[in-house]
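S.K.: what follows is a predicted protein model with its sequence.
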Amino acid sequence: MKRTAVNPWDWSLKLGYNQAEIITDTSRQLICAGQTAVDGAGNLQCPGDMRGQIILALDNLEAVLAGADMNLSNIIRLGVFATNMDEALKNFDLLGMRFGPIQCAPPMTLLGVTRLAIPGLLFEIEATAAA
C-alpha cells in the first residue's frame, strides 16, 4: 500500500492527522465497527474514566486489526466520537503515542456526541484500513 499525504495547510499535522491521503496499491480493505471500552463479553470497563476508555478502545481496535492480519499502520481513516470533547482532547496524547512512532497520520474526524450506544461509554473510535 502506498500513501500520499494531501495537506494544503499544515495545521492538522500538529494535531496528528493529514487532511487527506491518496491510497494506491491496495488489495484488501477492512471496515471496522466503532470500538469502545468493553471487555470480550461487551461489558463496560473504566466507567467515568476517559483516559482508561481511550486506552481500551485503542486496544480493542488493535485486536480487530490483528484479526485481519493488519495493524495501526494500515488505518487510512478514523472516526472518533466523544461525549466530552474537552476530556477527549486532554487525552489525545494517547493516539499520538500509538500513531506517532509508526508515522501514521490518517485523516480523522472528531465528533462530540451526547451519548454512545452503551450507557457510560465516553469514547468510540471507528476505522477503515487497507493493505
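M.R.: Alright, I've got the coordinates. A quick note: this is a predicted structure, and the numbers were derived from the prediction, not measured.

S.K.: tell me the gap between the helix ranked longest in the chain and the middle of its chain.
M.R.: In the chain, taking DSSP state H as the definition, the longest helix is helix 50-67. On the basis of Cα atoms, centre = their mean, to the nearest Å, helix 50-67 sits 8 Å off its chain's mean C-alpha point.

S.K.: quick one: residue 4 and residue 25 touch, right?
M.R.: No: using Cβ atoms under 8 Å, residue 4 makes no contact with residue 25, being 10.8 Å away. C-beta coordinates here come from the backbone N, C-alpha and C atoms, glycine included.

S.K.: what's near enough to touch residue 33?
M.R.: 64, 126 (Cβ atoms under 8 Å, 6 or more residues apart in numbering).

S.K.: quick check: it vs residue 8, distance?
M.R.: 31 Å (Cβ to Cβ, to the nearest Å).

S.K.: also residue 52?
M.R.: 36 Å.

S.K.: which one's more surrounded, the two?
M.R.: residue 52 (16 against 7; other Cβ atoms under 10 Å).

S.K.: okay, now the unreliable bits of this protein?
M.R.: Judged by pLDDT under 70, the chain has no weakly predicted residues.

S.K.: for it, what spans make up the helices?
M.R.: Under DSSP H, the chain gives helices at 50-67, 85-90, 93-99.

S.K.: can I get the ones you listed in a markdown table with distance to residue 76?
M.R.: Below are the helices of the chain laid out as a markdown table (distance: least, Cβ to Cβ, whole Å):
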| stretch | distance to residue 76 |
| --- | --- |
| helix 50-67 | 12 |
| helix 85-90 | 22 |
| helix 93-99 | 12 |
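
S.K.: most tightly packed of these?
M.R.: Neighbour counts (mean count of other Cβ atoms under 10 Å) averaged over each of the helices of the chain peak at helix 50-67, with a mean of 18.

S.K.: identify the residues contacting that one?
M.R.: 30, 32-33, 35-38, 45-46, 71-72, 74-75, 82, 84, 87-88, 90-91, 94-95, 98, 121-125, 127, 129.
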